[in-house]
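A.B. asks: Pasting the sequence and the predicted coordinates here, then a few questions.
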Amino acid sequence: MSSILSAVESKLESLPLPVRLTLPDGNTLGAAGADVHLTIRENSTLAHLAAGQVGAMGEDYVEGKFEVEGSMRDLMRVAAAILPQSPVDAARAGMFTNLIRRLVSVWRHSIERDAKQIQFHYDLSDDFYALWLDPRRVYSCAYYREDDMTLAQAQEAKLDHICRKLRLRPGERFLDIGAGWGGLLLWAAEHYDVDATGITLSHNQHAHVNRLIEEKGLSGRVRMELLDYRKLDESQPYDKIASVGMFEHVGRAHLVSYFSKLRRLLRPGGLIMNHGITAGGVDNHQLGAGMGEFIGKYIFPGGELTHISNVLHSMTEGGLEDLDIENLRPHYARTLWAWSDSLESQLDAARATLSDEKGERSIRAYRMYLAGCAMGFEHGWIGLHQVLAQHRQGWQGDELSISGEPAEQGYPWRRDYMYVGDAKG
């Protein structure tokens, strides 16, 4: 034990801000009056601290093995400082390990398992999510088009950013895969006058969005279905398709078939927007130092990340051509801190909403998850990419024209349309 305490004391001395520890025997280490105070109940947590296993420490917090006094922002500064190496490098694997992961990925993403995994996360409590999300409950990276935007404004900017990239036009058939609480689905219908279909595997989200559709008088032009993407009817292809924060749940082993399915759902000349979290390293499917395991256990069972280069490879194999790629990583760091700060300011309301024993563990898990992910995006350990794509095939008259408007497809050769005039067409 003395060697562990020596290692812990060494860690404390190297931290960028003062930290105080209260040990299981009541003794203390570190500076009095420190901004961060950890009350540790079990010696195993000290071992995790000494080794820089921040994911294991996250699990210890969820299980009540230590308490935190201080801000989550300061705690994440401490977490980043105790890591022995980049969690991207720590998660790199050899060929044999990657083969095993592929086999596991194939197994864990059946239609039945995916439904249970989505319901585990999204059916926790609508009221809990409403405490810290924006009023539209957009649960994905916002787009801070202006520096002084609120979270709600930045989420609306993101919804419009996607619609503009897709060049939505009145009357087009629009599909939103993994439509969440309906933010993009309803924005596209109300602001771009499209015929919109959304799908989800969450019972809570399905019921919520259908209530909104009825309240807004959009029945007949907007619909939300409780459906797996693999069961979508391909007989009437869509003009435009969006997938936001969904493909992380598909599994790396299924990405080619996923993008192939999207291609079959899209009419020739139509556009697809895939918006999702990507890995910071080429060879790792999650973060090291136990961080990936923590997220898989408490937040997103079955979630798998992959590098943007692998995403593009899978897209190409699935018959799609990438047209426009944008990395919104800094935007997601700011979004996650906004969510984290909002939850931290309403912990009492969260505990009243999730009042049982499972609820307290969920709140602890989300406190660590939101702040930890914000830290991960800040450091570049994970990214967020929007990829606009179309069918991969040759077009007659592909040569750049004077107008920059290919007649046979929906995407111009220049980005002017995003910035000049009314992009709604």
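C.D. replies: Everything's here; your move. Residues are numbered from 1 along each chain as shown.
A.B. asks: Can you tell me who the residue nearest to residue 247 when sequence neighbours are not counted pairs with across the strands?
C.D. replies: In space, and not counting its chain neighbours, residue 247 is closest to residue 276: 4.7 Å by CB to CB, 6 or more residues apart in numbering. All C-beta spots, glycine's among them, are computed from the backbone N, C-alpha and C. Taking DSSP bridges, one finds residue 385 as the beta-bridge partners of residue 276.
A.B. asks: Please apply the same query to residue 19.
C.D. replies: Where residue 19 sits in a bridge, its partners, by DSSP bridges, are residue 36.
A.B. asks: give me every residue that touches the residue nearest to residue 247.
C.D. replies: Residue 276 makes contacts with 243, 244, 245, 246, 247, 248, 311, 384, 385, as judged by CB atoms under 8 Å, 6 or more residues apart in numbering.
A.B. asks: Same question for residue 205.
C.D. replies: So residue 205 contacts 122, 179, 180, 181, 182, 224 (CB under 8 Å, 6+ apart).
A.B. asks: Tell me the one among those nearest to residue 199.
C.D. replies: Distance to residue 199 across the contacts of residue 205 (CB to CB) is lowest for residue 179, with 6.3 Å.
A.B. asks: who are the neighbours in contact with that closest one?
C.D. replies: Contacts of residue 179 (CB under 8 Å, 6+ apart): 185, 198, 199, 200, 205, 209, 224.
A.B. asks: Kindly state the beta-bridge partners for the residue nearest to it when sequence neighbours are not counted.
C.D. replies: Distances taken as CB to CB, 6+ apart place residue 198 nearest to residue 179, at 3.0 Å, with adjacent residues excluded. For residue 198, the beta-bridge partners are residue 176, residue 224 (DSSP bridges).
A.B. asks: Any of the contacts of residue 276 buried? List them.
C.D. replies: Buried subset of the contacts of residue 276 (neighbour count, 16 or more other CB atoms under 10 Å): 243, 244, 245, 246, 247, 248, 311, 384, 385.
A.B. asks: and the fifth one, how far is that from residue 386?
C.D. replies: So the one you mean is residue 247. As defined by CB to CB, to the nearest Å, residue 247 lies at a distance of 12 Å from residue 386.
A.B. asks: what's the overlap in contacts for the two?
C.D. replies: residue 274.
A.B. asks: can you list the weak-confidence ranges in the stretch 201-350 of the chain?
C.D. replies: Where the stretch 201-350 of the chain drops to pLDDT under 70, the residues are 283-303.
A.B. asks: ok, which stretches of it are strands?
C.D. replies: 222-226, 238-244, 266-279, 320-327 (DSSP state E, counting those that start in this stretch).
A.B. asks: gap between the last one and the chain center?
C.D. replies: Relative to its parent chain, strand 320-327 has a centroid offset of 18 Å by CA atoms, centre = their mean, to the nearest Å.
A.B. asks: Okay, helices next: where are they in the stretch 201-350 of the chain?
C.D. replies: Taking DSSP state H, counting those that start in this stretch as the criterion, the stretch 201-350 of the chain carries its helices at 203-215, 255-265, 291-298, 308-317, 329-344, 347-353.
A.B. asks: what packs against the longest helix along the chain?
C.D. replies: Determined from DSSP state H, the single longest helix within the chain is helix 357-379. Helix 357-379 makes packing contacts with helix 54-62, helix 72-82, helix 291-298, helix 329-344, helix 347-353, strand 382-391 when contacts are defined by 3 or more CB pairs under 8 Å, 6 or more residues apart in numbering; DSSP states H and E.
A.B. asks: What is the burial count for residue 68?
C.D. replies: Neighbourhood size, residue 68 [other CB atoms under 10 Å]: 17.
A.B. asks: Could you count how many residues lie near residue 33?
C.D. replies: Neighbour number of residue 33 under other CB under 10 Å is 8.
A.B. asks: List the contacts of it.
C.D. replies: 18, 20.
A.B. asks: hang on, it in a strand?
C.D. replies: No - under DSSP: H, G, I helix; E, B strand; the rest coil, residue 33 sits outside any strand and is assigned coil.
A.B. asks: quick one, phi/psi of it?
C.D. replies: Main-chain torsions, residue 33, degrees, to the nearest 10: phi 70, psi 20.
A.B. asks: for residue 355, same thing?
C.D. replies: phi -90, psi -10.
A.B. asks: per-residue confidence for the closest residue in space to residue 81 that isn't next to it in sequence?
C.D. replies: Spatial nearest neighbour of residue 81, excluding adjacent residues (CB to CB, 6+ apart): residue 15 at 5.1 Å. Reported pLDDT at residue 15 in the predicted model: 88.
A.B. asks: what are the phi and psi values for residue 15?
C.D. replies: According to degrees, to the nearest 10, residue 15 has phi -70, psi 150.
A.B. asks: show me the contacts for it.
C.D. replies: 78, 81, 82.
A.B. asks: What's the separation between the first one and residue 68?
C.D. replies: Here the distance between residue 78 and residue 68 works out to 10 Å (CB to CB).
A.B. asks: Now for those two: what residues contact both?
C.D. replies: What both residue 78 and residue 68 touch, as defined by CB under 8 Å, 6+ apart, is the set residue 36.
A.B. asks: list the contacts for residue 14?
C.D. replies: Contacts of residue 14 (CB under 8 Å, 6+ apart): residue 81.
A.B. asks: State the distance from it to residue 82.
C.D. replies: In terms of CB to CB, residue 14 sits 8 Å off from residue 82.
A.B. asks: likewise residue 193?
C.D. replies: Residue 193 is 53 Å from residue 82, by CB to CB.
A.B. asks: Equivalent analysis for residue 336, please.
C.D. replies: From residue 336 over to residue 82 (counting by CB to CB), the distance is 20 Å.
A.B. asks: same thing with residue 253?
C.D. replies: 34 Å.
A.B. asks: Residue 42 now?
C.D. replies: Distance from residue 42 to residue 82, by CB to CB: 18 Å.
A.B. asks: more neighbours, those two?
C.D. replies: residue 82 (21 against 14).
A.B. asks: Test my guess that that one contacts residue 56.
C.D. replies: No - Residue 82 is not in contact with residue 56 according to CB atoms under 8 Å; the separation is 11.6 Å.
A.B. asks: on that earlier part again, make CSV out of the strands of the stretch 201-350 of the chain and add distance to residue 351.
C.D. replies: Converted to CSV, the strands of the stretch 201-350 of the chain look like this (distance: least, CB to CB, whole Å):
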stretch, distance to residue 351
strand 222-226, 30
strand 238-244, 30
strand 266-279, 28
strand 320-327, 37
